[in-house]
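Enquirer: Okay, structure incoming, though there's no sequence with it:
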DNA sequence: ACGGTTGGTACA
DNA sequence: TTGTACCAA
C-alpha cells in the first residue's frame, strides 16, 4: 500500500489518461471497417468462444460485458464483431497492444512528465505546465476555448445537465476570481484536452482523462465519463464526491481491503471512513495502510508521478485450466520452452530498443495435488540470475521449476498427484545500460574489424553463467508427447529491410552489453570479477553468440516491436529540469497570436511548435492548423508511421549513478586508456549538456522542475 | 477447476 | 533478498 504523504497544500495538477477499450481500438485501427460497429476482442480459447477482454462502447450498449464468453456475447448481440487476440507459441500474444500503448506514451512524454501505469493508462504531472500557463496566459484571457475543452465535465458544477453545459464549463474555466487551485486545474484541463487531441491525431486512438490535485482523484475522475471525455475534480468538490462514493470504487479498495472495511468497520462510502481516527485505522490495518486510509478518506494522496515510461518487468505466462492441467514433466518443459522463447524475445527487444538488461528470472507456477483436497502448500516461486539467450533461459526456468516441484510435491511420493495449472516466467530487475557513444564504441569498432557477423549458431551468452543451486539433474521420464491445441509454431520471419544497418547496431549492442555487464557485475553484484571477465575475451567480443542476437531481431522486425522509449528518468538526466527553462525570446513567441489563432488555437500552436529536445522528434507537422480537422479522424498513415519512429535515431547520453567507492580502481586501470576515461566519465556525475529548447511555446509552460 | 495475461506494490 | 499475497485491468 502506497504511503500517502499528507500534503495539505496539494496544489499539484495531476492527470490520469485512460485509453477507451484499448484493444478494440487497436483492432479497429487495423481494420477500419470495424469502426462504429459493436466489437469485442476475444482471447481464443476454443471453449465457448473464448473470453472477452475488451468491448467497444457500441457493444456495451447491447449489454455485452467483459468476462463474457464469445458465445454469450453473440447471444446478446448477434451482430457483434469478435476479433481474436494474436496467438504465438500456443498462447496469447499481446505485443501489438503493448506497442500501441508505447505510441501513446511517447506522444505524451514529449510534453510532460509521464508514468506508464499500465498498457493503456498513463499519469501526467502537469503542475509546472499549469503554473506556467497560469502565469503567462491564464484562461481568463482566452477569447475562445476549444470545443474539446468545453466538453470537459467539472464535478460539482451546477447541475451538469444544465441548459448549456458548455457555457458553464467555459465560465468555470475562465473564471477570474476563482480559487488559485481551480485555476490551475483549469489550465490542466486545457492542456489535457490538447494532449488528447494530439494523441488522437497521431494514433487514431481516443482516450478519457481525469484532472485533479492528485493521482488517486485523477484516476477516479478519468473513469467517470467515457469514452473520449475528460473530467475535472475541483478542490471544492472533493468532499462531496467522496462522501457518497462507494468504498469499493476507490483504487486499492476494490478487493479484500475494501471488503474488510465494509464488513468489519461497516463502511460503505469513502466518506464513512472519516469517523475513524488514524490510530484506529492503523491498529486494524497496520500503520502504513491505516495512514493511507485516513488520508484517502480526505482525498489526500501524495504519490508522485514517477517518470517511468517503460515496464519494470516482463512476463510470459499461460494457464492450463481444469482438464488441461499439465501432468508430466515433459509437458511442463515444453510450455516453459515456449514461454521462455517469448520472454527471451521480449527482453531482447527491450535491450535493442531501450538498452536495458534484465537481471532476474522468476518462475511462477500454480499447481494442485489431485490427492489432497485442500493442499496447503502453494507451488513456490523461484528465481535466479537471468542469462540471456533462449536456450539458457529455458534451461534455467526448467531448473527453477524442478526446484519448486521438489518442495511442492509430497516427500517420497513418486510423481503422483501434482497438476500444473499455470506457468509463468518473468524477467525483472531491469537496469539501463549507460549508452554512451564515442570512445567505447570507436574502440571496439577499431578493435573488431569483424564488421561481418559470423553465422555460427550458439546460444548467446551475455552474462556469466549463474550459480544456480539446482543446476543438476535433468531426467525426463516421459519422452515425446502430444500437446493438444498446440499448432506448429509459425514464426513469421519477415525480411529485414535494413539488415546491414541492423547488424551494426546489434554489434554495438553486444559490445555495450558486455561492457555494461562488466561494470554492473563489478559494482553491484556478482561473482565475476572484472579481471576474470577481461581474461575471458569471448564475453567481450561480439563474435560469439551474435547469432541469436540476429535471429531474435529478424523475428522482431516482422512484428511491430516495442518502440524504444527510454525511461523518463533517463530523459531527465539527459535533459535535466533546469534545461526546460526557455529563453525569454521564445517566451514572447508564445504570447504572440496570429489572427487566425483565436484563443484555443494558440494552444495547439504551442504543442505543434514544441519540438521535443531536438532529436527526439521526427514528426513533421504536416497537418492543418484547424482543430476540427482532428475530428475528421483520418490521419495519414505517415503520421502514424512517424509516431512509431519518434524515438528512433535518438542518442542518449546517460549519466550513471554508480557509487564510486564501490569500484575497485585497479579494475579500471586495466582497461585501455580511452575506455578508462569513458568509465571515469560515467562514474562522475554527468555534466549536463547545455540544451536549450527552441521554438517551443507550450514548452514555456513547463517551468523548471523543483523535484529531483 | 481459471475470463487470460500482465503488470504493480507491500510485507515478512 | 527472496518469496508471498494482494490489487488492477
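Expert: Thanks, I have the structure now. Keep in mind it's a predicted model, so treat the numbers as computed, not measured.

Enquirer: for the nearest residue to residue A:335 once chain neighbours are set aside, phi and psi?
Expert: Excluding the flanking residues, the one nearest residue A:335 by Cβ to Cβ, 6 or more residues apart in numbering is residue A:423, at 5.4 Å. For glycine as for every other residue, the C-beta is placed from the backbone atoms N, C-alpha and C. Residue A:423 adopts backbone torsions of phi -130, psi 140, taken as degrees, to the nearest 10.

Enquirer: which residues touch residue A:423?
Expert: Residues near residue A:423 by Cβ atoms under 8 Å, 6 or more residues apart in numbering: A:317-318, A:320, A:326, A:332, A:335-336, A:339, A:363-365, A:401.

Enquirer: Let's see that with 6 Å instead.
Expert: Taking Cβ atoms under 6 Å, 6 or more residues apart in numbering, we find residue A:423 in contact with A:318, A:335, A:365.

Enquirer: Can you tell me who it pairs with across the strands?
Expert: Per DSSP bridges, the residues bridged to residue A:423 are residue A:318, residue A:365.

Enquirer: Please report how far it lies from DNA strand B.
Expert: Distance, residue A:423 to DNA strand B, using Cβ to the nearest atom of the strand, to the nearest Å: 9 Å.

Enquirer: which of the contacts of residue A:423 are close to DNA strand C?
Expert: By Cβ under 7 Å from any atom of the strand, no member of the contacts of residue A:423 lies near DNA strand C.

Enquirer: closest to DNA strand C among these?
Expert: Nearest to DNA strand C, judged by Cβ to the nearest atom of the strand, of those is residue A:365 at 9.2 Å.

Enquirer: and residue A:11, how far is that from DNA strand B?
Expert: Taken as Cβ to the nearest atom of the strand, the span from residue A:11 to DNA strand B is 23 Å.

Enquirer: Quick check: closest non-adjacent residue to that residue.
Expert: residue A:181 (5.3 Å).

Enquirer: Which strand or helix spans the one you found?
Expert: helix A:180-203 (DSSP states H and E).

Enquirer: by contact count, what packs against that helix?
Expert: helix A:95-109, helix A:127-136, helix A:147-150, strand A:207-212, strand A:230-232, helix A:600-609, helix A:628-632 (3 or more Cβ pairs under 6 Å, 6 or more residues apart in numbering; DSSP states H and E).

Enquirer: now for the second one, which elements pack on it?
Expert: Using 3+ Cβ pairs under 6 Å, 6+ apart as the contact definition, the elements that helix A:127-136 packs against are helix A:180-203.

Enquirer: Equivalent analysis for the longest one, please.
Expert: Secondary-structure packing of helix A:95-109 (3+ Cβ pairs under 6 Å, 6+ apart): helix A:22-30, helix A:180-203.

Enquirer: Of all the ones you listed, which one is nearest DNA strand C?
Expert: helix A:22-30 (7.8 Å).

Enquirer: Now whatever residue of chain A ends up closest to DNA strand B: closest residue in space, sequence neighbours ignored.
Expert: At 2.7 Å from DNA strand B, residue A:321 is the closest residue in chain A, using Cβ to the nearest atom of the strand. Counting by Cβ to Cβ, 6+ apart, residue A:321 lies nearest to residue A:421, which is 6.5 Å off, once chain neighbours are set aside.

Enquirer: SS state for the one you found?
Expert: Judged by DSSP: H, G, I helix; E, B strand; the rest coil, the three-state class of residue A:421 is strand.
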